[in-house]
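K.L.:
take a look and give me a structure for this.
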Amino acid sequence: QVQLVESGGGLVQAGGSLRLSCAASGRFFSINDMGWYRQAPGMQRELVASITSGGTTHYIDSVKGRFTLSRDNAKNTVSLQMNSLKPEDTAVYLCSADVCGSSYYDCPYYYYGQGTQVTVSS
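P.N.:
Sure, this is the predicted structure:
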């Protein structure tokens, strides 16, 4: 079992910044991709950004140039620096991890955190 614990959400004015962090713990062989999803009321959950174990990142177009995803493989953490926030970034943000259980062949297992609220006021 893997636990993902998020921190760093909150309320910020448009144009402000927030940093989200997520730490993975539990029993696993390795973590492949980590990332952040978000879900706004009445909207589908979307993958905002992801990062491979090798550090390759992917962002949705609406956050490119504003959000930066980073990862510390030694600590099993991932962080999302969000700058120039807009009201449309308001959502619950959920950390995600794609894990191998007991070996490289025992993959993938997908885990999600409980989510942290990000609210951007205009």
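
K.L.:
what segments of this structure are strands?
P.N.:
2-7, 10-13, 18-26, 30-39, 46-51, 57-59, 67-72, 77-82, 91-100, 109-112, 116-121 (DSSP state E).

K.L.:
helices or strands up against the second one?
P.N.:
Think strand 10-13. strand 116-121 (3 or more C-beta pairs under 8 Å, 6 or more residues apart in numbering; DSSP states H and E). For glycine as for every other residue, the C-beta is placed from the backbone atoms N, C-alpha and C.

K.L.:
related to what we said a few turns ago, can I get the strands of the chain in a markdown table with mean neighbour count?
P.N.:
Putting those into a markdown table (neighbours: other C-beta atoms under 10 Å) gives the following:
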| stretch | mean neighbour count |
| --- | --- |
| strand 2-7 | 17 |
| strand 10-13 | 13 |
| strand 18-26 | 18 |
| strand 30-39 | 20 |
| strand 46-51 | 19 |
| strand 57-59 | 15 |
| strand 67-72 | 18 |
| strand 77-82 | 22 |
| strand 91-100 | 22 |
| strand 109-112 | 14 |
| strand 116-121 | 17 |
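
K.L.:
how far away is the residue nearest to the spatial centre of the chain from residue 122?
P.N.:
The centroid of the chain falls nearest to residue 36 when counting by C-alpha atoms, centre = their mean (2.3 Å). Computed as C-beta to C-beta, to the nearest Å, the residue 36 to residue 122 distance reads 23 Å.

K.L.:
quick check: most distant residue from the centroid of this protein.
P.N.:
What lies farthest from the middle of the chain is residue 105; by C-alpha atoms, centre = their mean that is 24.8 Å.
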